[in-house]
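Undergrad: Quick one: sequence and predicted model below, then my questions.
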Amino acid sequence: MRFLAQRRQIRDLREADRFCLEAARRTTDASTRKLLGDLATAEAGQQVRAGSLAATHLDEDARATEDRSAHRQFVLTWVQPGLAGLMDTPFCRAAFQVAPGGALVFAADVLIGSA
């Protein structure tokens, strides 16, 4: 579990880095832009360090466990809500109502045709 927390921290560092770069791009004040640029550079350095520590201290079993956990989290965060939104469309609702009837017709044809 400690390694999962470290992976989340690495992800958070990437998000902080992107946030600082985007904020620096949008700001008009030079001193604020410099401060945000320095923060983004520091965050990028932390990402490199975290990646090297993970490579050094994670064995294959821990890495495999984390990869499975990351995949599961991806599916639960992005894929499942997308499919739920898709299935809530009128087309998909109609398709799911027609599909069982089509399967029954196919099964009846197979049974009657073989008799």
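TA: Right, received. Where do you want to start? Numbers count the residues shown, from 1 in each chain.
Undergrad: Scan this structure for its longest helix.
TA: When the chain is parsed with DSSP state H, its longest helix is helix 30-57.
Undergrad: From the chain's centroid, how far away is it?
TA: Relative to the mean C-alpha coordinate of its chain, helix 30-57 is positioned 22 Å out (C-alpha atoms, centre = their mean, to the nearest Å).
Undergrad: Pull out the buried residues from it.
TA: By neighbour count with 16 or more other C-beta atoms under 10 Å, helix 30-57 contains the buried residues 36-37, 39-40, 43-44, 46-47, 50, 54. C-betas here are computed from N, CA, C, even on glycine.
Undergrad: Helices of this protein, start to end?
TA: When assigned using DSSP H, the helices of the chain occupy the ranges 2-26, 30-57, 60-74, 80-87, 90-114.
Undergrad: Take these and write them to JSON lines, including mean pLDDT.
TA: What follows is the helices of the chain, written out as JSON lines (pLDDT from 0 to 100):
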{"stretch": "helix 2-26", "mean pLDDT": "73"}
{"stretch": "helix 30-57", "mean pLDDT": "83"}
{"stretch": "helix 60-74", "mean pLDDT": "84"}
{"stretch": "helix 80-87", "mean pLDDT": "75"}
{"stretch": "helix 90-114", "mean pLDDT": "78"}
